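>>> Fold the following for me, if possible:
(one chain, ligands or ions: 2)
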Amino acid sequence: MDITNIDARIAAQDWAETRTSLDARGSAILPGLLDADTCTTLSAWYDDDTLFRSRIVMARHGFGRGAYGYFAYPLPPAIACLRGGLYPHLQPIANTWAERLGSAVRFPVDHAEFIDRCHAAGQKRPTPLLLRYGAGDYNCLHQDLYGEHAFPLQVAILLSRPQADFAGGEFVLTEQRPRMQSRVEVVPLQQGDAVIFAVNHRPVRGGRGDYRVTMRHGVSTLHSGARHTLGIIFHDSV
Ligand SMILES: O=C(O)CCC(=O)C(=O)O
Ligand SMILES: [Fe+2]
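Ligands and ions are numbered 1, 2, ... in the order given. Next up is the predicted model:
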């Protein structure tokens, strides 16, 4: 796996446009973050038990249908590179959001320092994950919160080819505004595209200042084939 290629692909994204999109809708697409070969390699890792600290069968927990593995430490270099390389682009947005939401929490520039904060609070287990869905599988609306410390943005990368490898299985986001019913958006992704989205709350500018919107994400039912995703969550878990 060519890590310099991943670094270059992170650097090549339009981060100003990404920020605009995150502020406007709480999500943004990074087109072609990973190339097709990298996606194929990462999908194949799903079957390698040595890479994972635990395996979750979603139906057993009421999370949906499908399965995933949480990577073990030390993370494979490609995963560490994605986690550590995406974070510095998101950290300024996270701090602005925290300020606008009236939170005193601030996120350090360096991801390793944020991980130290998680570990000191007992959140020591790595959260990057690889998911696999087959026909009939789905992921219920949820939030990936794993303890007191939570970075407000996370990333999911689609490793499979829509229409060719699978059908259905769309990434969806919902947002709940105060005193309003939930609204849903489908995020159209191609193989190698990443979606960045709010883990929990995001600020929205209203007539009387910012208010707080609650977001959830999930995946609609796969009609056929198999779909792999790589999830990058920036906080660790209890
Ligand atoms: O499979 C997906 O697209 C979503 C996976 C997910 O829930 C996550 O990465 O947190
Ligand atoms: Fe998730």
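>>> If you check this protein against ligand 1, which residue is the closest one?
Closest to ligand 1 within the chain is Gly231: 2.5 Å, counting by CB to the nearest ligand atom. To be clear about C-beta, it is placed using only N, CA and C from the backbone, and glycine gets the same treatment.
>>> and the chain, which residues reach ligand 1?
131, 139, 144, 156, 171, 217, 219, 229, 231 (CB under 6 Å from any ligand atom).
>>> now, which of these lie within helices?
Taking DSSP state H, every one of these sits outside helices.
>>> Narrow those residues to those in strands?
In strands, defined here by DSSP state E, the members of the residues of the chain next to ligand 1 are 131, 139, 156, 171, 217, 219, 229, 231.
>>> can you list those in a markdown table and add neighbour count?
A markdown table is the format used below for these (neighbours: other CB atoms under 10 Å):
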| residue | neighbour count |
| --- | --- |
| Leu131 | 21 |
| Asn139 | 24 |
| Ala156 | 24 |
| Phe171 | 23 |
| His217 | 24 |
| Val219 | 22 |
| Thr229 | 26 |
| Gly231 | 18 |
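>>> Would you mind listing the two of those residues that lie farthest apart?
Leu131 and His217 (12.0 Å; CB to CB).
>>> who touches the residue of the chain closest to ligand 1 in this structure?
Applying CB atoms under 8 Å, 6 or more residues apart in numbering to Gly231 gives the contacts 68, 127-131, 144, 154-157.
>>> ok, then the element right after the top helix by length along the chain?
Looking across the chain with DSSP H, the single longest helix is helix 77-100. Using DSSP states H and E, the helix or strand that follows helix 77-100 towards the C-terminus is helix 111-120.
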